[in-house]
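A.B. asks: quick one: sequence plus predicted model below, questions after.
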Amino acid sequence: MTRGPILQLLIAFALLLMLGNVFQMLYNTVDSVIVGNFVSKQALAAIGSTTVIVNMLVFFFNGFSIGAAVVIGQYFGARNMEKLHDAVETTMAATFILSAVFTVVGVLTVKPLLHLMHTPEDVFNEATLYLRIYIGGISGLLISNMGSGILRAVGDSTRPLCFLVFTSVLNIVLDLFFVLVLKTGIAGAAIATILSQFVSAAMILVLLTRTRDIYRLDWRELHLNFPILRRIFAVGMPAAIQSVITAFSNIFVQGYINVFGSDVMAGWRSYNKLDQIIMLPMQSMAMSATTFVSQNCGAGNQRRSDRGTVAAIGLSLGITGAIAVLLVIFAPAAVRLFAPDPAVIQYGVHFIRANT
């Protein structure tokens, strides 16, 4: 990204990222659609009540991922191959450690956090079951996301997209199999999701291990380079802390929602998934801009970096505004995708039009 037309590079890279993010969203969205239509609205509400808890873990890790992508992108732009290799080994070693910590902490705090959110009795048991299974396998998601982040940092967004497409389709097939064929309910939806994420993680690790490029993962040289790790945390922790604070505040918002029962919870869940669609272009452009700016800063081209930032902001605002308008107009049809219950549709539409 250090050469060529800025706008074209940003849009092309962001489109691949956005498509990848769409398939990433399919993991939980498919759970919601299938559970909401074929299990019960209580099960849909249970999945909705777990989202903010999962987001606390994922958002913190995403901050670390952003820091790693910036550092790796800078070394790649500067063509400092020795530091690039150290950064990749350090990033993956830290990822394995954090994945283990997040799994243990997440599983142990499931019930206290659900109680903190005032999760209703008719939803509590299913929410606990879904969340424990999901967090028990969250390392697959974290490893997959970090490996994909490494590839994107060096400008490769195509292969992570291919892996996401494959595992998203696999998740749909497994969801239908577990829920409709085996009749495992909400537990089956969680199992299908984590199995798909582990397959994605395995594919990413095999690619990083077998590639001939400088960002190759050598298991024998896996280590923590503490100066590089401190640099990664210095870049990524502000974003991580901000995201975690936002996610933690949403626990209390979810608690207020939960007081009103499963209809409102299911409507809120539907709104949250649709709200993520609005944010997709902005998130994808932000990731594209991160890679662009990192590589150009590493190459010492500050002026090109600034121009890319301005272009990315303008594109994000324009596209996001257009999608928001369409979602407000077609709100009832959009909510109906998640649940046919009239009460759920009513609350979902209300949340969309009040908050968009």
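C.D. replies: Received the coordinates, thanks.
A.B. asks: CA only for contacts and neighbour counts going forward, please
C.D. replies: Fine.
A.B. asks: list the contacts of residue 207.
C.D. replies: For residue 207, the contact set (C-alpha atoms under 8 Å, 6 or more residues apart in numbering) is empty.
A.B. asks: show me where the stretch 201-350 of the chain has helices.
C.D. replies: In the stretch 201-350 of the chain, the helices defined using DSSP state H, counting those that start in this stretch lie at 226-258, 262-298, 302-329, 331-336, 342-355.
A.B. asks: quick check: which of those is buried the most?
C.D. replies: Ranked by mean neighbour count under mean count of other C-alpha atoms under 10 Å, the helices of the stretch 201-350 of the chain are led by helix 262-298, which reaches a mean of 24.
A.B. asks: who are the packing partners of that one?
C.D. replies: Helices and strands in packing contact with helix 262-298 are listed as helix 6-38, helix 41-77, helix 226-258, helix 302-329, helix 331-336, helix 342-355; criterion 3 or more C-alpha pairs under 8 Å, 6 or more residues apart in numbering; DSSP states H and E.
A.B. asks: mind running it again at 7 Å?
C.D. replies: Other helices and strands packing on helix 262-298, by 3 or more C-alpha pairs under 7 Å, 6 or more residues apart in numbering; DSSP states H and E, are helix 6-38, helix 41-77, helix 226-258, helix 302-329, helix 342-355.
A.B. asks: how about the helices in the stretch 51-200 of the chain?
C.D. replies: When secondary structure is read from DSSP H, counting those that start in this stretch, the stretch 51-200 of the chain shows helices at 81-108, 110-116, 121-136, 138-153, 158-176, 185-210.
A.B. asks: isn't residue 328 right up against residue 353?
C.D. replies: Yes - applying C-alpha atoms under 7 Å as the test, residue 328 and residue 353 come out as touching, 5.7 Å apart.
A.B. asks: quick check: residue 160 vs residue 166, distance?
C.D. replies: As for residue 160, its distance to residue 166 is 10 Å (criterion: C-alpha to C-alpha, to the nearest Å).
A.B. asks: buried sites along the helix-or-strand element of the chain with minimal mean pLDDT?
C.D. replies: The helix or strand with the lowest mean pLDDT-type score in the chain, counting by mean pLDDT, DSSP states H and E, is helix 6-38 (a mean of 75). Neighbour-count burial for helix 6-38, with 16 or more other C-alpha atoms under 10 Å as criterion, is recorded at 6, 9-11, 13-38.
A.B. asks: state the distance from the nearest residue to residue 229 once chain neighbours are set aside to residue 153.
C.D. replies: Nearest residue to residue 229 in three dimensions, chain neighbours excluded: residue 90, at 6.8 Å (C-alpha to C-alpha, 6 or more residues apart in numbering). Distance from residue 90 to residue 153, counting by C-alpha to C-alpha: 15 Å.
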